[in-house]
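Participant: give the three-dimensional model of this entry:
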Amino acid sequence: MALASPVQASGGLFCEGEGGEIDIAMGRLVVMQVLGAFAEIDGERYSTGPERGEGTPFAVGQAFAEGDEMMVDFVDPNFEDIIVSLRVSWDAAAESYSGVLSTPTRRVEVRCMEG
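Facilitator: Numbering: from 1, shown residues only. Next up is the predicted model:
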């Protein structure tokens with residue numbers, strides 16, 4: 001008798017704009033779960049781990065998706081400060097997500113692709 005492994009729905013979101021980009025690996029079943037990420041804003045790189053790319057370490061502080069909106073905050077390894085945030089909404093006309101990728105000192109308008 002063959003045993004079936006659990007089904008896991010996963011994918012990703014890649015967002016880019018002038019001066020910044022973020023690549024998020026995520027699982028989405030009942031809730032959104034960020035599995036890892038890499039971001040670059042004005043040449044400063046951030047990463048959840050070396051498997052995602054070289055960069056200043058950051059961790060998922062919170063991630064939330066409801067309806068047409070997704071919100072993710074990445075924090076420093078001590079969970080003291082939010083260092084990168086992503087806020088996007090579904091743009092039906094463009095058939096993609098769009099919004100803002102930000103740090104405490106910079107905001108980048110982004111357009112996103114799911115994959």
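Participant: tell me the contacts of Trp41?
Facilitator: One correction, residue 41 is Ile, not Trp. Gly19, Gly20, Val84, Leu101, Ser102, Thr103, Arg106, Val108 (C-beta atoms under 8 Å, 6 or more residues apart in numbering). (Glycine included, C-beta is placed from N, CA and C.)
Participant: I figured the fifth one hits Val108, correct?
Facilitator: Yes: in this structure, Ser102 sits in contact with Val108. The criterion is C-beta atoms under 8 Å, and the distance is 7.0 Å.
Participant: ok, the residue nearest to Gly49 when sequence neighbours are not counted - contacts?
Facilitator: Once flanking residues are discounted, Gly49 sits nearest to Gly36: 6.2 Å by C-beta to C-beta, 6 or more residues apart in numbering. Shown in contact with Gly36 (C-beta under 8 Å, 6+ apart): Ile24, Ala25, Thr48, Gly49, Glu51, Arg52.
Participant: the same query, at a cut-off of 6 Å, please.
Facilitator: Ala25, Thr48, Arg52 (C-beta atoms under 6 Å, 6 or more residues apart in numbering).
Participant: likewise for Gly67?
Facilitator: No residues are in contact with Gly67 under the rule C-beta under 6 Å, 6+ apart.
Participant: hmm, 10 Å instead?
Facilitator: Ser89, Trp90 (C-beta atoms under 10 Å, 6 or more residues apart in numbering).
Participant: pLDDT wise, what is it at?
Facilitator: Model confidence at Gly67, given as pLDDT, is 85.
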